[in-house]
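Give me a 3D structure for the following:
(one chain, ligands or ions: 1)
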Amino acid sequence: MTVPSNEKTGHRETEAAPPDLVGRRVEKLESEYGNRYRLEPPPDNKLPKSGMPAEDALGLVSEEVLLDGIPMRNLATFVTTWMEPEAERLIAGSLHTNFIDHAEYPQTAEIEQRCIRMLADLFNAPGETTGARTQGSSEAIMLGALSLKWKWRDRRQAEGKAIDRPNLVFGGDVHVVWEKFCRYFDVEPRIVPLARDKYTIGPEDVEPHVDENTIGVAAVLGTTFTGHSDDITGMNDYLVRLKNEKGIDVPLHIDAASGGFVWPFLYPHTEWDFRLEQVRSINVSGHKFGLVYPGIGWLVFREKSDLPEDLVFYENYLGKRDATFTLNFSTGSAMVLAQYYNFVRYGHDGYRYIMETMQYNARLLANEIVDCGKFALIGSEQDEQLPLVAFQLEGDHSYDEFDVASQLAAERGWMVPAYTLPPNAEHVKIMRALVKQTLGHSLVATLGADIVEACATLEKKGRLHESERKRVKTNTGY
Ligand SMILES: Cc1ncc(COP(=O)(O)O)c(C=O)c1O
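Residues are numbered from 1 along each chain as shown. Next up, the predicted model:
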């Protein structure tokens, strides 16, 4: 029987193997040599009637994903692509525990609390506080922004004022999750546009947008686009002034998805965290510079009272009273344990050493790129920045950043994204390479030479064809 082909893969689903092999009793051959799945299209639009041996299932799936990129060559992503073998052992050993089941796995729940306490300390919380483990910064931001909305509503209701028009102020340099929050939870987004040569925001940008209906201002420590930071101290000073002079208390939430594990180690004297009066909550991705594989993020409050009691659900779960503050419920324990592993394994000195190594190699790569005479860096070397290189072509060329990214992918398989910036800097094209733990001195030198080589090829053969440009990663990477 033949069913319609899958339009995307072009596979036809047949039950029988090719006739010439059937003639040679494929069942017998299969029992001796296995791998029958290689003679058949993969199941792709309905659950197969019967299955296949475990080894074959493993083979089929593993062979399919060979077409994916190699994570360590993915210089677009902020997310961790390498962990120590010991951490991987710990992860493999805890894949079968459900984190939310605190009653059955109380020690894992305690380890989550230890991580939150350590982060609160790292972010200079003034005293005992609270927080949550999340799936990533997106969930942490949703929960943090919900807390801002609830707290604003409580304040307004106590004053007998209207609560129907909440707004949230942030720059165009934020991650898409902030707009998502506004749409999902019915809050007006007030987005400060960027401009050419201005890719972060400061107090003068937010001031015209803030009013008594502002639930909070969100500032970014280490933007997705260029790795720089908003002027957080400036925004804090403005909000303190607003509170003292006009009695409008607008909290600041810091999106430290990437920067939260970078600034405390590379720029410990820069105040961006709970040392600043108006900073009430901070999110950070454990799976970015926290150096854990994906699915772990954290939300930390300044004080316990910053988490509205209404957002916490108490229930009797498996015989114990349990409190939850999450958007999802069941999830694995592995990444919580892996985060704790990194904390005890590296400590402050280890994280600092790793961040400094990445920063050193990022500067090395920046020099290689600038020295070839075709590119300029975004920002200056003195800027505080995530360990990455953001750059763009300088002068006239017969090709653009998208061509360079595509040629680089074709020649060496590097995944370096090229993208345009958000409004009103949408005409600015940039490329950006994350320099993570596994991009050491040797590979940085190779990448630098490969970028030069890709430009040389483009100079000889001219711009790429549209079909080749499709290879380019045109979003920022996350
Ligand atoms: C500044 C910023 N905020 C939020 C996010 C979303 O984080 P996650 O992917 O952990 O949900 C990202 C992801 O790149 C980010 O860079």
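
other SSEs contacting the helix or strand containing Leu146?
Element membership for Leu146 (DSSP states H and E) is helix 137-158. Packing contacts for helix 137-158, counted by 3 or more C-beta pairs under 8 Å, 6 or more residues apart in numbering; DSSP states H and E, involve strand 131-134, helix 177-184, strand 214-220, strand 252-255, strand 279-285, strand 297-301. All C-beta spots, glycine's among them, are computed from the backbone N, C-alpha and C.

May I have the strands that pair with the fifth one, each with its orientation?
Which is strand 279-285. strand 252-255 (parallel), strand 297-301 (antiparallel) (DSSP bridges).

Compute the distance from the centre of stretch 269-279 to the centre of its chain.
Taking C-alpha atoms, centre = their mean, to the nearest Å, the mean C-alpha location of stretch 269-279 is offset from the chain mean by 23 Å.

repeat for stretch 457-468
The chain centroid and the centroid of stretch 457-468 are separated by 31 Å under C-alpha atoms, centre = their mean.

Now it: buried residues?
Buried residues in stretch 457-468, counted by 16 or more other C-beta atoms under 10 Å: 457-458, 463-464.

Which two among those are spaced furthest apart?
By the measure C-beta to C-beta, Thr457 and Arg463 form the most distant pair in the buried residues of stretch 457-468, at 11.3 Å.

quick one: the top helix by length along the chain near the ligand?
Using DSSP state H to define each element, the chain has its longest helix at helix 334-371. No. Against the ligand, helix 334-371 shows no contacts by C-beta under 6 Å from any ligand atom, the least distance being 11.5 Å.

Which residues are in contact with the spatially closest residue to Glu368 that is not a sequence neighbour?
Excluding its sequence neighbours, the residue lying closest to Glu368 (C-beta to C-beta, 6 or more residues apart in numbering) is Gly448, at 2.7 Å. Neighbour list for Gly448: 364-365, 368-369, 372 [criterion: C-beta atoms under 8 Å, 6 or more residues apart in numbering].

Quick check: of these, which has the highest neighbour count?
Leu365 (25 neighbours; other C-beta atoms under 10 Å).

residues in contact with that residue?
Leu365 is in contact with 389, 433, 435, 439, 444, 447-448, counting by C-beta under 8 Å, 6+ apart.

circling back: out of the contacts of Gly448, which is nearest to the ligand?
Closest approach to the ligand among those (C-beta to the nearest ligand atom): Leu365, at 19.8 Å.

Show the pLDDT at the closest one.
At Leu365, the pLDDT value in this model is 98.

and what of Lys320?
With respect to pLDDT, Lys320 has a value of 70.

again with Val3
Here the pLDDT value assigned to Val3 is 42.

ok, the closest residue in space to Phe289 that isn't next to it in sequence to the ligand distance?
Counting by C-beta to C-beta, 6+ apart, Phe289 lies nearest to Phe261, which is 3.6 Å off, once chain neighbours are set aside. According to C-beta to the nearest ligand atom, to the nearest Å, Phe261 stands 12 Å off from the ligand.

any idea how far Phe261 is from Asp383?
From Phe261 across to Asp383, the span is 18 Å (C-beta to C-beta, to the nearest Å).

Also Ile451?
Per C-beta to C-beta, Ile451 is found 21 Å from Asp383.

what does Thr326 give?
Separation of Thr326 from Asp383 (C-beta to C-beta) stands at 36 Å.

more crowded one of those two?
A count of neighbours by other C-beta under 10 Å puts Thr326 above the other of Thr326 and Asp383, at 18 against 13.

And the pLDDT for that one?
On the pLDDT scale, Thr326 gets 93.

so how far is the ligand from it?
Between Thr326 and the ligand the computed distance is 14 Å (C-beta to the nearest ligand atom).

Same check on Leu266?
Leu266 sits 17 Å away from the ligand, taking C-beta to the nearest ligand atom as the criterion.

Within range of the ligand, give me the residues from the stretch 51-200 of the chain.
Within the stretch 51-200 of the chain, the positions lying close to the ligand (C-beta under 6 Å from any ligand atom) are 78, 136-138, 175, 177.

Go again with 5 Å.
Within reach of the ligand by C-beta under 5 Å from any ligand atom, the stretch 51-200 of the chain has these residues: 136-138, 175.

just to revisit the earlier point, is it possible to export the helices and strands packed on helix 137-158 to CSV including mean pLDDT, mean neighbour count and distance to Lys49?
Compiled in CSV, the helices and strands packed on helix 137-158 are given as follows (pLDDT from 0 to 100; neighbours: other C-beta atoms under 10 Å; distance: least, C-beta to C-beta, whole Å):
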stretch, mean pLDDT, mean neighbour count, distance to Lys49
strand 131-134, 97, 26, 40
helix 177-184, 98, 17, 40
strand 214-220, 98, 27, 51
strand 252-255, 98, 28, 48
strand 279-285, 98, 28, 42
strand 297-301, 98, 27, 41
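
Indicate which one of the ones you listed is closest to Ala125.
Ala125 lies closest to strand 297-301 among the helices and strands packed on helix 137-158, at 6.9 Å (C-beta to C-beta).

List the strands paired with the helix or strand following that closest one, with their directions.
Counting by DSSP H and E, the next helix or strand C-terminal to strand 297-301 is strand 313-317. Paired neighbours of strand 313-317 in the sheet (DSSP bridges): strand 320-324 (antiparallel).

Show me which positions of the strand it pairs with end up buried.
Of the residues in strand 320-324, Asp322 count as buried by neighbour count, 16+ other C-beta under 10 Å.

Equivalent analysis for stretch 336-356, please.
336-343, 351, 354-355.

can you list those in TSV and add distance to Met142 and pLDDT?
Shown next, in TSV, are the buried residues of stretch 336-356 (distance: C-beta to C-beta, whole Å; pLDDT from 0 to 100):
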residue	distance to Met142	pLDDT
Val336	19	98
Leu337	24	98
Ala338	23	98
Gln339	20	98
Tyr340	24	98
Tyr341	27	98
Asn342	25	98
Phe343	25	98
Tyr351	27	98
Ile354	29	98
Met355	28	98
